[in-house]
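Novice: How does the following fold in three dimensions:
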Amino acid sequence: MTRSAWSRRWTRATPALLGAALLSGCAVGPDFQRPAPPDLVSYARPSLQPTTTSSEVPGGEAQRFVAEQQLPPRWWTLFESPSLDALMAKALSASPTLIAAEAALRQAWELVYAQRGAFFPTVQAGFSAAGQQTSATLSPVLGGTNPSSTFALYTTQGLLSFTPDIFGGNRRQVEALVGLAEAQRFQLEAARLTLTSSLAAVAIQEASLRAQIAATEEIIAIVARSLALFRRQYELGAVARLDVAAQEAALAQVQQTLPPLVKQLEQTRDLLAVLAGRFPAEAPEERFELAELRLPQDLPVGLPSTLVEHRPDVRVAEAQLHAASAQIGVALANRLPQFTITASGGGQSTSVTQMFANGNPFWTAAGNVLQTLFDAGTLRHRQRAAEAAFEQAAAQYRGTVLSAFQNVADALHALQSDAETLKAAVAAEQATKVSLDLTLAAQQLGGVSYLAVLTAQQAYRQALLTRVQAQVARLADTVALFQTLGGGWWSRSGREATMSTEAAPLVSRE
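Specialist: Predicted coordinates:
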């Protein structure tokens, strides 16, 4: 056969192979249907008010839950803190966690592309050269003219193998890998949300510690002034040494609470640096104070029916459910006949230039059908295992949805309670401050005992710290609400959005 004739055979075979590939249109097994969102009109019970209470203090503004608005993708800007915005930008570009999650997403899609290659034939080319010397003893017996002969043999051939996806087993395998890639995409969103939420929470914690340190230093100054007054009164004989000793003990106790707060502040700064992708020695330049963090008043909570679309963990569970559904089709297709087509062709000669000369080319073509007749139930049990895995994934999906709605309801109730707690804390602080001022004024005149002074000081110190913690709780629980709502990733646009969504389309499920 001439090279041109051999080439024409391969040309005629190509449409047949493509036609076989088109037979892959059907896929056995269930077609995945996305679970319907819960039919709810509210995240929580009717006892939840749409607006929280307010108090006359910075950070005591009323907050309103707005169902008609969606959370912005850069939700931390609602706190109106340039320092927080700058730190977030640094962390999002340098966090090893996000870099690893992005690499895992790319890996997942490359596995999808690799599996799609099974839709097409595999073509390989090979060349071999071998040298041979015939036996001098056997050559005359076999009719040879020379007592011995040495020659080279050259072979060039092409190999083609193709497995038509008749029952859609490969299509379902690709679909399963697409589901896992989608799960990885939303794990990236979850990692991003966890990082930004953690950064915001730690920044608020730093502001809280600075406020607690300032409050403690204020109490130390008050107690120190009171001690100085007691000492003067003791020198004048107006009070006993017991009064002075009690006030000295009170001052020492308050001073004792300051170093642990400083330690926590330094450790918080270390954590901020690490979250931003830096070493602790490279602490961020940004500092956080309570006065610089504005409490968001309008909280975009969206509609309950959209939560399953927006929560990354719910979308991960849905993608895993999709992959489990496709694996049922894979297991079912493995129980059906398996078709393969193989072909090879080439040339062989003792001369490189004569491999495709007349009489030297060769070719083979074969088709094969393989059906498992007995495997002791292996394939059947694998199908049942895939069905059980799907039921497990479905239950896990529902559990994730229930937890998501619980998280949002808990955050909403927490914000409502935080506002009431802060209002009470502000009232307590004001009352104890008045009591302390009156007590210290009476101390100037020698009209109160040291016990009254100590009691007033301790009451004011506790009320002051409680008020600071109540302010911090409102900020922290606002961050928690934004996290439970999904973080607003669905509203991103431009390159930031395509970074996590750039992928191949889903395979057809028809």
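Novice: packing partners for the helix or strand where Ala129 lies?
Specialist: Per DSSP states H and E: Ala129 is located in strand 122-133. Helices and strands touching strand 122-133, by 3 or more Cβ pairs under 8 Å, 6 or more residues apart in numbering; DSSP states H and E, are strand 150-162. Every C-beta, even on glycine, is put in place using the N, C-alpha and C of the backbone.
Novice: hmm, try it at 10 Å
Specialist: Using 3 or more Cβ pairs under 10 Å, 6 or more residues apart in numbering; DSSP states H and E as the contact test, the elements touching strand 122-133 are strand 150-162, strand 338-349.
Novice: neighbouring strands for the first one, and are they parallel or not?
Specialist: So that's strand 150-162. strand 122-133 (antiparallel), strand 338-349 (antiparallel) (DSSP bridges).
Novice: Let's have the helices and strands packed on strand 122-133 in a markdown table, adding mean neighbour count.
Specialist: Output for those, formatted as a markdown table (neighbours: other Cβ atoms under 10 Å):
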| stretch | mean neighbour count |
| --- | --- |
| strand 150-162 | 15 |
| strand 338-349 | 18 |
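Novice: Compile these into TSV and extend it with columns for distance to Pro73.
Specialist: Below are the helices and strands packed on strand 122-133 laid out as TSV (distance: least, Cβ to Cβ, whole Å):
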stretch	distance to Pro73
strand 150-162	46
strand 338-349	48
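Novice: helix, strand or coil for Ala283?
Specialist: coil (DSSP: H, G, I helix; E, B strand; the rest coil).
Novice: these two touch, right, it and Gln267?
Specialist: No - with contact defined as Cβ atoms under 10 Å, Ala283 does not reach Gln267; the gap is 11.4 Å.
Novice: hmm, back to that, for Val316, find the nearest of the helices and strands packed on strand 122-133.
Specialist: strand 338-349 (33.2 Å; Cβ to Cβ).
Novice: Name the stretch from the helices and strands packed on strand 122-133 that approaches Leu180 most closely.
Specialist: Between Leu180 and the helices and strands packed on strand 122-133, the tightest spacing by Cβ to Cβ is seen for strand 338-349, at 24.1 Å.
Novice: which residues sit in contact with Arg461?
Specialist: 215-216, 218-220, 222-223, 250, 253-254, 257, 432, 436 (Cβ atoms under 10 Å, 6 or more residues apart in numbering).
Novice: re earlier: nearest to Ala376, out of the helices and strands packed on strand 122-133?
Specialist: Per Cβ to Cβ, nearest to Ala376 of these: strand 338-349, 18.4 Å.
Novice: Can you give the distance from that closest one to the centre of its chain?
Specialist: 47 Å (Cα atoms, centre = their mean, to the nearest Å).
Novice: So for the helix or strand that that strand is followed by, what gets flagged as buried?
Specialist: Using DSSP H and E, the helix or strand that follows strand 338-349 towards the C-terminus is strand 361-370. If you call a residue buried by 16 or more other Cβ atoms under 10 Å, then strand 361-370 has these buried ones: Pro361, Trp363.
Novice: Against which helices or strands is the helix or strand following strand 361-370 packed?
Specialist: Where DSSP H and E defines the elements, the next helix or strand beyond strand 361-370 is helix 378-444. Applying 3+ Cβ pairs under 10 Å, 6+ apart, we find helix 378-444 packed against strand 64-66, helix 169-235, strand 298-300, helix 307-310, helix 312-333, helix 450-484.
Novice: Give me whichever of those is most buried.
Specialist: helix 312-333 (a mean of 23; mean count of other Cβ atoms under 10 Å).
Novice: Can I get it as CSV, trimmed to CA atoms?
Specialist: The C-alpha trace of helix 312-333 is given here as CSV (Å, rounded to 0.1, in the frame of the first residue of the first chain):
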residue,chain,number,x,y,z
PRO,A,312,-20.2,29.7,50.6
ASP,A,313,-20.6,26.7,52.9
VAL,A,314,-24.0,25.9,51.5
ARG,A,315,-22.7,26.2,47.9
VAL,A,316,-19.9,23.8,48.8
ALA,A,317,-22.4,21.3,50.2
GLU,A,318,-24.5,21.7,47.0
ALA,A,319,-21.6,21.2,44.7
GLN,A,320,-20.6,18.1,46.7
LEU,A,321,-24.2,16.9,46.3
HIS,A,322,-23.9,17.4,42.6
ALA,A,323,-20.7,15.4,42.4
ALA,A,324,-22.3,12.6,44.5
SER,A,325,-25.2,12.5,42.1
ALA,A,326,-22.9,12.2,39.1
GLN,A,327,-21.0,9.3,40.7
ILE,A,328,-24.2,7.2,40.6
GLY,A,329,-24.1,7.5,36.8
VAL,A,330,-20.5,6.6,36.8
ALA,A,331,-21.1,3.4,38.8
LEU,A,332,-24.1,2.5,36.7
ALA,A,333,-22.2,3.0,33.4
